[in-house]
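**Q** Turn this into a model:
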Amino acid sequence: MKFRLIAFIAVVLLTNYGCKKIEHSADVETAPATSASNMRAPSTAPSLLEWQKCLGSTSGEVPREMKRTSDGGYIIAANSGGSNNGDVTTTGQGGYDAWIVKLSSAGIIEWTKTYGGAGYDWIIDVAETIDGYVFCGTTHSFPVVNSTVGNAWLVKIDKNDGRVLWEKVVGGSGRDNFSSISVTAANEILVAGSTKSTDHPDFDNSLKGGGDAWIAKYSNDNGTRVWSKVYGGTLNDDASYIVEYNGNFIIGGVTTSADGDLSGTVNKGGNDVWIFKVDPSGEVIPGSQKVFGGSGEESQTRILHNPNGGFVMSVITTSNDGDVSGNQGSQDGWVVKLDENFNITSKICLGGSSSDYLRLQDIDATSKDIFLVGSTSSKSISGYKGNSDVWVVRLSEGLAVKNSKALGGQWGETGWSAAPATGGYFVSARTASNNGDVSGNHGSDDVWLVKLKF
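**A** Below you'll find the model as predicted:
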């Protein structure tokens, strides 16, 4: 039976230090634009939806990250159930395989390729280097020690056809994964993830506890390890996002610890947001660590530099105390503005009576608008179709809602990623529907590519 990834969510808005429930869309409804035959816009499409199409096969595909490329096109990191039909042009080796889709600036497929072995292989992030693309995730097909829990997987591929240039599988007998990738100004590759391996052969320091955040740097030329370090306390810690800033690196993750590398911090309860900086050698910059949250659970930390100074962070939260206020349901999206020292300057909790989430995608360099993508199962959100829908939100620099819209069909959608496009954004999502805003589904879960206009 093929694995199906389904996320349930919901929606609502607030202002700065509180929440405000969203009952109606913040955008104006207009007639849908015409589009090419393979990018058909439904006649009832909301004004934000310019066109859409499904990518996939009969076996089911699940997207993760999408990035804009230097040639003006896009690259999508997805996972495929293995059928050689539809848009999947190679036969899977077993379980789920990584699936890379290269698109033109207009969203037309230029090439696709699958990667993996007989086991379960899962891609999570992708980035562009000066001479190729690199992706990261977890593999059960090429174990270093133990294939039952998975090892971290890093692969560099050719820009023109996707052929493998080099591949690294690293880890120990515990669970290891890479979940975020960043290419430095010097064209080195930084990956962030987590490890539970006490026998990991590649660490430059020792595991701190039950599970640690893990950051590693590799050369672009051949994947040679430059350094590999773990961070955390005696409990469980994870790094889910990494981005370069002013020659250093900012890491976003979660933690349940308050000792070890987190000595001096206070855990608010369960998993808390954990942000810190490391220098080019992987050493934690003194005074850079901050922990945020409440008595519930925080996860999926993402952080970007604000063009006007400071940072913007998105988090999934179930809390309604501590640093979090205004939660409207079981799970909300929490958007936080920070100063250069990671102190909270303003925040907004976004959600409804059901389960919602949002992931930070972009801060426009000109307007400073903040764009987020996630999912909602709240009926109060304009455009809601049923089950779970893709949820797109655009905030002003002051965290006022400019657009909020649910997109999808009857059987469930999950919003994952977005990248800037002319006049708006491309959004990559998972869909199981073939009605409502969705058409062209190949028969199971598909990658749903949506062009939004603002």
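**Q** Tell me who's in contact with Phe292.
**A** Phe292 makes contacts with Lys268, Asp272, Val273, Ile275, Glu298, Val315, Gly322, Asp323, Val336, Ile344, as judged by CB atoms under 8 Å, 6 or more residues apart in numbering. The C-beta positions use only the backbone N, C-alpha and C, and glycine is treated the same way.
**Q** With adjacent residues omitted, what lies nearest to the fourth one?
**A** Pointing back at Ile275 there. Closest residue to Ile275 apart from its sequence neighbours, by CB to CB, 6 or more residues apart in numbering: Lys290 at 5.1 Å.
**Q** which residues touch the one you found?
**A** Thr265, Trp274, Ile275, Phe276, Phe342, Asn343.
**Q** Give me the ChimeraX select line for these, limited to the buried ones.
**A** Applied in ChimeraX, the following selects the buried portion of these according to 16 or more other CB atoms under 10 Å:
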select :265,274,275,276,342
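**Q** Closest one to Gly116 out of the contacts of Lys290, please.
**A** Within those, the smallest distance to Gly116 is 31.1 Å, found for Trp274 (CB to CB).
**Q** So the closest one lies in a strand, does it not?
**A** Yes: assessed with DSSP: H, G, I helix; E, B strand; the rest coil, Trp274 lies in a strand.
**Q** i'd like the first residue to be 32 from this point on
**A** Let's use 32 as the start, then, which means that last one is Trp305.
**Q** Specify the beta-bridge partners of it.
**A** Gly284, Val322 (DSSP bridges).
**Q** looking at it, it is touching Ala289, isn't it?
**A** No: look at Trp305 against Ala289 with CB atoms under 8 Å: they stay out of range, at 10.6 Å.
**Q** joint contacts of those two?
**A** Contacts common to Trp305 and Ala289, judged by CB under 8 Å, 6+ apart, are Val322.
**Q** need the contact list for Gly205.
**A** Gly205 sits next to Asn177, Val180, Thr226, Lys227, Ser228, Thr229, Asp230, His231, Gly242 when contact means CB under 8 Å, 6+ apart.
**Q** and the fifth one, what element?
**A** Right, the one you point to is Ser228. Ser228 is part of no helix or strand when elements are defined by DSSP states H and E.
**Q** quick one: contacts of stretch 458-466?
**A** 35-37, 85, 93-94, 96-97, 107, 109, 404, 416, 421, 423, 438-449, 469, 471-472, 475-483.
**Q** what do you get for stretch 190-204?
**A** Contact partners of stretch 190-204, identified using CB under 8 Å, 6+ apart, comprise 131, 133, 142-144, 146, 159, 162-164, 170, 173-177, 180-189, 207, 226, 228-233, 247, 249, 253-254, 256, 259.
**Q** Please type out the PyMOL selection for whichever of the contacts of Gly205 turn out to be buried.
**A** Per 16+ other CB under 10 Å, the buried members of the contacts of Gly205 correspond to this PyMOL selection:
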select buried, resi 177+180+226+227+228+231+242
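**Q** export the contacts of Gly205 to CSV and tack on pLDDT and distance to Ala431?
**A** Listed next are the contacts of Gly205 as CSV, based on pLDDT from 0 to 100; distance: CB to CB, whole Å:
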residue, pLDDT, distance to Ala431
Asn177, 59, 50
Val180, 84, 45
Thr226, 93, 41
Lys227, 90, 42
Ser228, 88, 45
Thr229, 84, 48
Asp230, 83, 51
His231, 75, 46
Gly242, 91, 38
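**Q** The contacts of Gly205 into a markdown table, with extra columns for distance to Gly284?
**A** Below are the contacts of Gly205 laid out as a markdown table (distance: CB to CB, whole Å):
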| residue | distance to Gly284 |
| --- | --- |
| Asn177 | 24 |
| Val180 | 20 |
| Thr226 | 12 |
| Lys227 | 15 |
| Ser228 | 17 |
| Thr229 | 20 |
| Asp230 | 23 |
| His231 | 18 |
| Gly242 | 11 |
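**Q** out of the contacts of Gly205, who's nearest Ser211?
**A** So of these, ranked by how close each gets to Ser211 (CB to CB), first place is Thr226, at 14.1 Å.
**Q** Contacts only, for that closest one.
**A** Contacts for Thr226 (CB under 8 Å, 6+ apart) come out as 183, 202-203, 205-208, 234, 238, 242-243, 245, 261.
**Q** Now do stretch 317-334: distance to the chain's middle.
**A** 17 Å (CA atoms, centre = their mean, to the nearest Å).
**Q** List the buried residues in it.
**A** Neighbour-count burial for stretch 317-334 flags 319-325, 327-334 (criterion: 16+ other CB under 10 Å).
**Q** Mind giving me the ChimeraX select for the contacts of stretch 190-204, buried ones only?
**A** This is the ChimeraX syntax for the buried subset of the contacts of stretch 190-204, where burial follows 16+ other CB under 10 Å:
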select :131,133,143,144,146,159,163,164,170,173,174,175,176,177,180,181,182,183,184,185,186,187,188,207,226,228,231,233,247,249,254,259
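**Q** In strands, which of the contacts of stretch 190-204 appear?
**A** 131, 133, 142-144, 146, 159, 164, 170, 182-188, 207, 226, 247, 249, 256, 259 (DSSP state E).
**Q** Give the burial count for Tyr456, as a bare number.
**A** For Tyr456, the neighbour count with other CB atoms under 10 Å is 25.
**Q** Quickly run through the sheet partners of the helix or strand in which it is found, with directions.
**A** When elements are defined using DSSP H and E, Tyr456 is found to belong to strand 455-462. Strand pairing for strand 455-462, determined by DSSP bridges: strand 444-452 (antiparallel), strand 477-484 (antiparallel).
**Q** tell me the mean pLDDT for the one helix or strand Lys436 maps to?
**A** Using DSSP H and E, Lys436 sits in strand 432-438. Mean pLDDT, strand 432-438: 94.
**Q** Can you give me the buried ones in it?
**A** Applying a neighbour-count criterion of 16+ other CB under 10 Å, one finds Val432, Asn434, Ser435, Lys436, Ala437, Leu438 buried in strand 432-438.
**Q** Closest one of those to Gly125?
**A** For those, the nearest to Gly125 is Leu438 (33.2 Å; CB to CB).
**Q** Narrow the contacts of stretch 458-466 to those that are buried.
**A** For the contacts of stretch 458-466, buried by 16+ other CB under 10 Å: 85, 93-94, 96-97, 107, 109, 404, 416, 421, 423, 438-440, 442-449, 469, 471-472, 475-483.
**Q** Fine, thanks again, bye for now.
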